[in-house]
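1. Here is the input, now give the coordinates:
(chains A and B)
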Amino acid sequence: MLEIMAYGFMQRALLASALIGVLCSAIGVFVVLKGLSFIGAGTAHAAFAGVALAFLLDLNPMGMAVLFGLMTVWITGLLVEKGRMKLDVSIGIFYTSTMAMAILFIGFMKGYNAELYGYLFGSILSVTPSDLMVIAGLGLVVLVALFLFNKEFQFIAFDQEMAEASGIPARNLFFLLISLIALTIVVSLKAVGAVLVYAMILIPAATAYQLTRSMKGMMVVSILCGVFSSMAGMFLSFIMDIPSGAAIVLLATALFFLSVLFSPKRRNPLRPVRSQES
Amino acid sequence: MSKPIIQFSKASFGFPGRIALEDITLDILEGEFIGIIGPNGSGKTTLLRALLGLIPPVSGQVQIFDCACEKLRCRHRARIGYLPQKDRVDEDFPVTVFEAVLMGRFSSIGLLRRPSRADDEIARHALEEVGMAEFAERSLGHLSGGQQQRVFIARALAQQPQVLLLDEPTTGVDMPTQQTILELIKKLHETLRLTILLVTHDINMIAPFVNRLALLKTKLYAAAPPKEVLTREILSQVYGKQIMVTEKGVVIVGDYHHA
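-> As a prediction, the model looks like this:
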């Protein structure tokens, strides 16, 4: 078991999964509390479209992913603010059209590009030293920003109008927050893939939501769940020879269901509330 | 009570084609307790939001602390405590009472800095002021509507404000709790010498507590002590002919949907 640690690719994969675990689960707290789940799913697919375009035009995949990711969250953020369109509809259009763009770009390419599909389904074992540098660098930016603006993000997640009324630059900080969400998705793209990255953000935080009654507690529990499921999932993937992204996300999902079962907030989780049935 | 702390001069608010408040001229003195009354959609909440600098006037001016509201610097905003009209907090939302009150300190602390021990002290003291100190570590969502309202008042107090803006602070709680909350606000007004603007649709409940009532329906119809405002002549301009004022000064609004 321990000898696998001697391999460079395994060390990198372990480090990458730990970093991504921390990153996704920390930002996930604000995503869940502020109810921004819809932003993430669309962003992941838009970022993938960026990667596909980069492969087609021989550009830097991460750079294009950042560009597409940020554009998506900013446009979504503006739509949220204006509240003009029905949000689920506009996000749905965005989400599917960026995916269509990705398919279009792939169609223009000659032959099958395995590396590109790695961005779709994730391949944590193929993380290169330079990938790791990018993950660590961008990840550090996100974590430092989360640390520095933690109290403001808490306030915004709890009550944005109130935060603004008390003199906090809530609008700017909201756009910073969604930009950090986009960066987190891009950072995690190669390792867990566009299809599954959003689960990494949502599930550990949702698990922590079930189990905690303070914002501080939710952050701690979410990070613990995120790191545990990504590292344990990666080991499982290596030992059982199954795709790493799937192993990580399914492990996180299992933790989530356990948390629902044992949540102090649910008296009987197996019996849904009547009003939800009707 | 001395100099005006808030001054509306011929101020109008709204969007092109839909005016929410028109030609408001009103001075509010330091330390005054003002009740803002009027039917639904009469612009009561808009008046508070204008003071917070969230809506700039389309014409005229509104000033607070000798500074145009729409240009309020963050430091000044912290001096205005605001209690928005709010549904109950989601039962499962993971935030403790203390965490929620400490948020009141955040704008004074400023960006990039962490709350100090002094901020913790101020938050605890604010909880004591509203009689909720023993609930500090409890989950906010698990408290009753009235208790949550006290916590939000504590958060506003943690800002160490000079002015308190309260939007329907007694909706959604039972009658005895309404009274307790109003007694608490009255106590804060007296002990902390706060200037208070309280928006409500419940004229009878608020009348005994305030120095003046401001009667709104897009325009300002009156701003005077309750006895002078609560007459059939004045109220009927806003509430229609069905309004009744009994000998004891109790107001009965004919169509309840407009009350």
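
2. Pull out the CA atoms of stretch A:139-150 and give them to me as CSV.
-> Written as CSV, here are the backbone C-alpha positions of stretch A:139-150 (Å, rounded to 0.1, in the frame of the first residue of the first chain):
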residue,chain,number,x,y,z
GLY,A,139,-5.4,27.6,-5.3
LEU,A,140,-3.3,29.8,-3.1
VAL,A,141,-4.9,33.0,-4.6
VAL,A,142,-8.4,31.6,-3.9
LEU,A,143,-7.5,30.5,-0.3
VAL,A,144,-5.9,33.8,0.6
ALA,A,145,-8.8,35.7,-0.7
LEU,A,146,-11.2,33.5,1.2
PHE,A,147,-9.2,34.0,4.3
LEU,A,148,-8.9,37.8,3.9
PHE,A,149,-12.6,38.4,3.1
ASN,A,150,-14.0,35.6,5.3
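
3. outside of it, which residues touch it?
-> Identification of contacts with stretch A:139-150 by C-beta atoms under 8 Å, 6 or more residues apart in numbering or on different chains yields A:19-20, A:22-23, A:26-27, A:153, A:173, A:176-177, A:180, A:183-184, A:187, B:111-112. The way it works is simple: take the backbone N, C-alpha and C, and place the C-beta from them, glycine included.

4. Would you mind listing what in chain A touches chain B?
-> By the rule C-beta under 8 Å from any C-beta of the partner chain, the part of chain A lying against chain B is A:33, A:148-149, A:151-152, A:154-155, A:158-159, A:161-169, A:208-209, A:212-218, A:265.

5. Put the buried members of the residues you listed into a PyMOL selection.
-> If you want just the buried ones from the residues of chain A next to chain B in PyMOL, going by 16 or more other C-beta atoms under 10 Å in any protein chain shown, the selection is:
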select buried, chain A and resi 33+149+151+152+154+155+158+159+162+163+164+165+166+167+168+208+209+212+213+214+215+217+218+265
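
6. Can you tell me which of the contacts of stretch A:139-150 is nearest B:Gly145?
-> Checking the contacts of stretch A:139-150 against B:Gly145 with C-beta to C-beta, the nearest one is A:Phe153 at 26.8 Å.

7. Could you say which helix or strand holds the closest one?
-> Secondary structure here is read from DSSP states H and E; on that basis A:Phe153 sits in helix A:150-165.

8. before we move on, the earlier item: in strands only, show me the contacts of stretch A:139-150.
-> Of the positions in the contacts of stretch A:139-150, not one sits in strands, assigned by DSSP state E.

9. Drop anything exposed from the residues you listed.
-> The buried subset of the contacts of stretch A:139-150 - by 16+ other C-beta under 10 Å - is A:19-20, A:22-23, A:26-27, A:153, A:173, A:176-177, A:180, A:183-184, A:187.

10. Any chance of those in CSV with pLDDT as columns?
-> Shown next, in CSV, are the buried ones among the contacts of stretch A:139-150 (pLDDT from 0 to 100):
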residue, pLDDT
A:Leu19, 94
A:Ile20, 93
A:Val22, 96
A:Leu23, 95
A:Ala26, 97
A:Ile27, 96
A:Phe153, 97
A:Leu173, 96
A:Leu176, 97
A:Leu177, 96
A:Leu180, 97
A:Leu183, 96
A:Thr184, 96
A:Val187, 91
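
11. Okay, and which of the residues you listed map to helices?
-> Of the positions in the buried ones among the contacts of stretch A:139-150, A:19-20, A:22-23, A:26-27, A:153, A:173, A:176-177, A:180, A:183-184, A:187 sit in helices, assigned by DSSP state H.

12. okay if I get the residues you listed as CSV plus distance to B:Lys187?
-> Converted to CSV, those look like this (distance: C-beta to C-beta, whole Å):
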residue, distance to B:Lys187
A:Leu19, 52
A:Ile20, 52
A:Val22, 47
A:Leu23, 48
A:Ala26, 42
A:Ile27, 42
A:Phe153, 34
A:Leu173, 35
A:Leu176, 40
A:Leu177, 38
A:Leu180, 43
A:Leu183, 49
A:Thr184, 47
A:Val187, 52
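
13. how about the strands in chain B?
-> In chain order, chain B shows strands spanning B:4-15, B:18-29, B:33-37, B:59-64, B:67-68, B:80-83, B:163-167, B:195-199, B:212-217, B:219-224, B:244-245, B:251-252, with DSSP E as the criterion.

14. To chain A, which of those lies closest?
-> Distances from chain A to each of those were compared using C-beta to the nearest C-beta; the minimum, 4.6 Å, belongs to strand B:80-83.

15. Now find how far off-centre that closest one is within its chain.
-> Centre-to-centre, strand B:80-83 and its host chain are 7 Å apart (C-alpha atoms, centre = their mean, to the nearest Å).

16. still on that earlier bit, what's the farthest-apart pair in the contacts of stretch A:139-150?
-> For the contacts of stretch A:139-150, with distances taken as C-beta to C-beta, the pair at the greatest spread is A:Ile20 and B:Leu111 (27.5 Å).

17. Quick check: residues of chain B near chain A?
-> For chain B, the contact set with chain A under C-beta under 8 Å from any C-beta comprises B:52, B:54, B:72-78, B:80, B:82, B:84, B:91-96, B:99-100, B:103-104, B:106-107, B:109, B:111-112, B:114-115, B:139, B:142, B:159.

18. ok, how many other residues are close to A:Val144?
-> When neighbours are defined as other C-beta atoms under 10 Å in any protein chain shown, A:Val144 has 10 of them.

19. for B:Leu157, same thing?
-> Close neighbours of B:Leu157, defined as other C-beta under 10 Å, add up to 24.

20. burial count for the closest residue to it other than its chain neighbours?
-> With sequence-adjacent residues excluded and distances taken as C-beta to C-beta, 6 or more residues apart in numbering or on different chains, B:Leu157 is closest to B:Ala126, at 4.1 Å. B:Ala126 sits with 25 neighbouring residues when counted by other C-beta under 10 Å.

21. That concludes my questions; thank you for your assistance.
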